[in-house]
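**Student:** output the structure for:
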Amino acid sequence: MIDKVVHSLAMAVDDVRDGATVMIGGFGGAGMPSELIDALIAQGARDLTIVNNNAGNGEAGLAALLKARRVKKIICSFPRQTDSQVFDGLYRAGELELELVPQGNLAARIQAAGSGLGAVYTPTGFGTLLAEGKETRRIDGRDYVLEFPIHADFALIKAHRADRWGNLVYRKTARNFGPIMAAAARCTVAQVDEVVPLGELDPEAIVTPGIFVQRVVPIGGQRSPRNGAATQGHAR
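**Tutor:** Next up is the predicted model:
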């Protein structure tokens, strides 16, 4: 029986190794899997490469992971906000490497990884410092930069509801990078508000099919009894 539900945050991130590349969903605080991030901090993995739209806000969530000195490199679009003091301090001190990627290119590179593409040509960044050292090409009279996919060992994302097969439904803008990150990682862990019985999710509303999800963690232990007993441990 396929059951991807894991009722322990600690077990859900237990095999994240030192030096892993981890995609973390969220647009600022919207859709950020804060509980999974806290579990990753407690787990202790170091020298991580993090892929996220931002570089943390305040001192919670992703910022807390940075503050714990667990990240060696971050790939993102918007590293600096008014409350990005943790990132600012680490970057200025030379303790954190930054790869700055325009937001559209970030999404395209993640999506390329999930789609099995070798690379993509994009006009964004052509003629700027972001294109230095990269292959360029003129196509139909327009200049493009060759960008390579961003793959990850793990993706930590947040969804609204799931079933035990890992099918996911998101809540409004909390969806953001979740679907493409789920497809681009070798192991996707989704924290959800609720796990519902098979068949209860409207197929037309499922954005991320369970084939892209390896573990589902219901926050607060919410799960309908019609799903059967809770599963302890990783997906089978």
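**Student:** residue 130 - that's part of a helix, no?
**Tutor:** Yes. Residue 130 forms part of a helix when assessed by DSSP: H, G, I helix; E, B strand; the rest coil.
**Student:** contacts only, for it.
**Tutor:** 100-102, 145 (C-beta atoms under 8 Å, 6 or more residues apart in numbering). Bear in mind the C-beta positions are built from the backbone N, C-alpha and C, glycine included.
**Student:** same deal with residue 209?
**Tutor:** Contacts of residue 209 by C-beta under 8 Å, 6+ apart are 166-167.
**Student:** change it to 6 Å
**Tutor:** Residue 209 sits next to residue 167 when contact means C-beta atoms under 6 Å, 6 or more residues apart in numbering.
**Student:** just the pLDDT at it, thanks.
**Tutor:** Here the pLDDT value assigned to residue 209 is 98.
**Student:** not counting residues beside it along the chain, what's closest to residue 211?
**Tutor:** The shortest distance from residue 211 to any non-neighbouring residue, by C-beta to C-beta, 6 or more residues apart in numbering, is to residue 166 (7.7 Å).
**Student:** what's the neighbour count on that neighbour?
**Tutor:** Using other C-beta atoms under 10 Å as the criterion, residue 166 is surrounded by 26 other residues.
**Student:** ok, the one 10 residues further on next?
**Tutor:** Applying other C-beta under 10 Å, we find 21 other residues in the vicinity of residue 176.
**Student:** and it, what's its pLDDT?
**Tutor:** So, for residue 176, pLDDT stands at 95.
**Student:** show me the contacts for it.
**Tutor:** 27, 31.
**Student:** go on, residue 120?
**Tutor:** So residue 120 contacts 108, 112, 147 (C-beta under 6 Å, 6+ apart).
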